[in-house]
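Q: Please work out how this folds:
(4 chains)
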There are 2 protein chains.
Amino acid sequence: MPRKKQYDPEEALEKAMHVFWQNGYRSTSLRMLEKELGINQFSIYSSFENKHNLFVSVLKRYQKFMREGILQILITSDGNLDDIRKFFNAFVNAVQSGKTPSGCLVANTAAEVGASDPEIHEALSEYFNMMEDIFFNLLERSQQKGELSPDADLHSKAKYLVTCTEGLSLSSKVMDQSNLDAFISSVMDSLPK
Amino acid sequence: MPRKKQYDPEEALEKAMHVFWQNGYRSTSLRMLEKELGINQFSIYSSFENKHNLFVSVLKRYQKFMREGILQILITSDGNLDDIRKFFNAFVNAVQSGKTPSGCLVANTAAEVGASDPEIHEALSEYFNMMEDIFFNLLERSQQKGELSPDADLHSKAKYLVTCTEGLSLSSKVMDQSNLDAFISSVMDSLPK
DNA sequence: TCTTAATCTAAGCAACTGTTTAGAAACAAA
DNA sequence: TTTGTTTCTAAACAGTTGCTTAGATTAAGA
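A: Numbers count the residues shown, from 1 in each chain, chains lettered A, B, ... in the order given. Next up is the predicted model:
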């Protein structure tokens, strides 16, 4: 009986992700979303309830987007520590080339919203945990290979690398390439060989 | 002949800094500023021209505020590397205790505005340079004392510490204390003794 | 006391904010 | 073809945005 949707909610969500990514949570308006998604505000509300809910969904979608994208460098690594450098370089390159000039959506949201919104904070926390797991698994493989010192505290180092990644997201927007290279080299040197 | 100002522009600027710090650039409205500074919008405009100019002035004021505040731990250090840890801990503590829950205004602005606004970007860049100088001077003193390895690349390490500080500002809003301690310890371990 | 220039208050501007609503349009079972 | 349910369009809602303006107020020199 009912009328069929003229759009794919999953597609709409991915488009919304890019709009929020570019403009931030508060500065993204429903008129912008309406235009960019090509669907009416009413439809946005009927699919996602409200702006806040839509954004929480976007954060989860972003996590998937990253896991299936640039993070594959780390996820599929066989434990070669240089893959961490490759990841950092790919990240910086994506920002500075203009491909993803806004850096990391999670870093931006942490700066903008932080802990002031519990649901958003929870989504950020989940992303951080995912990143920590990814780094931890890589470091563990590296340790098994013997490339990384056997007495290294992998959990501690994984947390360390998460914050380094977020710092890199910020700095990529301010520093130039050579300064970022200095940072990346220092991080690589800091891993206990 | 002319009427005297009923407010001190310098005082108003410092109040404005705190409003922007808490709410971010775009989410701070002139009505909020009017209320918090206790002066009329007209007066804000006659003293600072417009919101954008006011914010650029605020960023410069923030730099001074930090230099005369928490950064004194680094500036007055005699080269003891543990002062870096003290600074990181003081920073994290200020965020998590609710004293400055918004972390670093420059980090937040880098995330929000980044390179999209040349004048703001310039102010962020200046702040980064100041931070780099402060770290460099401390490392240099440390090297002279013999605490830091004589063949360490101080410029590179100073840049590294700047990005670590910005990463810490973000992570303090998402991670809990123990995770942040792991980060700080890793950073301290990474300095070439 | 008058003049002159800057400051103040308070209202107003058009554009935009998130959200809602009334009514038309589309689908498929009856 | 009618019916019932959902989706669509497009307008409207009240509140907020950055910024401007008209007119009253304050100061000190002439």
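
Q: Report the spatially nearest residue to whichever residue of chain A sits closest to chain B, omitting neighbours in sequence.
A: Using CB to the nearest CB, the closest approach of chain A to chain B is made by A:Gly167 at 2.4 Å. (Glycine included, C-beta is placed from N, CA and C.) Closest residue to A:Gly167 apart from its sequence neighbours, by CB to CB, 6 or more residues apart in numbering or on different chains: B:Gly167 at 2.4 Å.

Q: I figured that neighbour was touching A:Thr163, is that so?
A: Yes: using CB atoms under 8 Å, B:Gly167 is in contact with A:Thr163, at 4.4 Å.

Q: which one of the two has more residues nearby?
A: A:Thr163 (30 against 26; other CB atoms under 10 Å in any protein chain shown).

Q: ok, A:Asn80 to A:Tyr45 distance?
A: 48 Å (CB to CB, to the nearest Å).

Q: how about low-confidence regions in chain A?
A: Residue ranges of chain A with pLDDT under 70: A:1.

Q: Helices of that one, residue ranges please.
A: Secondary structure of chain A (DSSP state H): helices located at A:9-23, A:30-37, A:41-48, A:51-67, A:72-75, A:82-96, A:105-112, A:118-145, A:154-171, A:177-189.

Q: Out of the ones you listed, which is closest to B:Lys157?
A: helix A:177-189 (6.2 Å; CB to CB).

Q: which residues sit against that closest one?
A: With contact meaning CB atoms under 8 Å, 6 or more residues apart in numbering or on different chains, helix A:177-189 is reached by A:81-82, A:84-85, A:88-89, A:92, A:96, A:161, A:164, A:167-168, A:171-172, A:175, B:153, B:155-157, B:159-160, B:163, B:190.

Q: Now a PyMOL select for only the buried ones of those residues.
A: Selection of buried members from the contacts of helix A:177-189 for PyMOL, criterion 16 or more other CB atoms under 10 Å in any protein chain shown:
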select buried, (chain A and resi 81+84+85+88+92+96+161+164+167+168+171+172+175) or (chain B and resi 153+156+157+159+160+163+190)
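
Q: Near DNA strand C, which residues of chain A are found?
A: Listed as neighbours of DNA strand C in chain A under the rule CB under 7 Å from any atom of the strand: A:1-4, A:28-32, A:41-42, A:45, A:50-52.

Q: wait, which of these is closest to B:Gln63?
A: Closest to B:Gln63, out of all of the residues of chain A next to DNA strand C and judged by CB to CB, is A:Thr28, at 29.5 Å.
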